[in-house]
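Novice: please find the sequence and the predicted model below.
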Amino acid sequence: MIELLRTTDPVLLSHAQALLQAEDIPAFELDRHMSVLDGSIGILPRRLMVADRDAFMARAILREAGLIR
């Protein structure tokens, strides 16, 4: 698994997932439930992961959308 994005912004994360899903690239969100540990204030970032084989295409999609550099 390769990390594509790490953010505390749930809207950004959702947008990135939707873009990847539209291209049939499965993405997995890690640390989603960590907000329970930080009191649900959203200070712990969530990570968006993809399989190694999908990393190149996924990065290109997110870069084109301006979500990553």
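Specialist: Looks like it came in fine.
Novice: give me the phi and psi for F28.
Specialist: phi -130, psi 130 (degrees, to the nearest 10).
Novice: my guess is it meets E3, correct?
Specialist: No: judged on CB atoms under 8 Å, F28 makes no contact with E3 at a distance of 10.3 Å. Every C-beta, even on glycine, is put in place using the N, C-alpha and C of the backbone.
Novice: mutual contacts of these two, please.
Specialist: 48-49 (CB atoms under 8 Å, 6 or more residues apart in numbering).
Novice: give the contact list for P26.
Specialist: P26 touches 20, 50-51, 54, counting by CB under 8 Å, 6+ apart.
Novice: from those, which would you call buried?
Specialist: Listed as buried from those are 20, 50, 54; burial here means 16 or more other CB atoms under 10 Å.
Novice: I'd say the first one and V50 touch.
Specialist: It stands for L20. Yes: shown here, L20 and V50 form a contact pair, counting by CB under 8 Å, at 7.0 Å.
Novice: and the gap between the residue nearest to R47 when sequence neighbours are not counted and A58?
Specialist: The shortest distance from R47 to any non-neighbouring residue, by CB to CB, 6 or more residues apart in numbering, is to L30 (4.4 Å). Using CB to CB, to the nearest Å, L30 is found at 15 Å from A58.
Novice: ok, L19 next?
Specialist: L19 is 9 Å from A58, by CB to CB.
Novice: neighbours around L62, how many?
Specialist: 21 (other CB atoms under 10 Å).
Novice: in a helix, it, correct?
Specialist: Yes: counting by DSSP: H, G, I helix; E, B strand; the rest coil, L62 is part of a helix.
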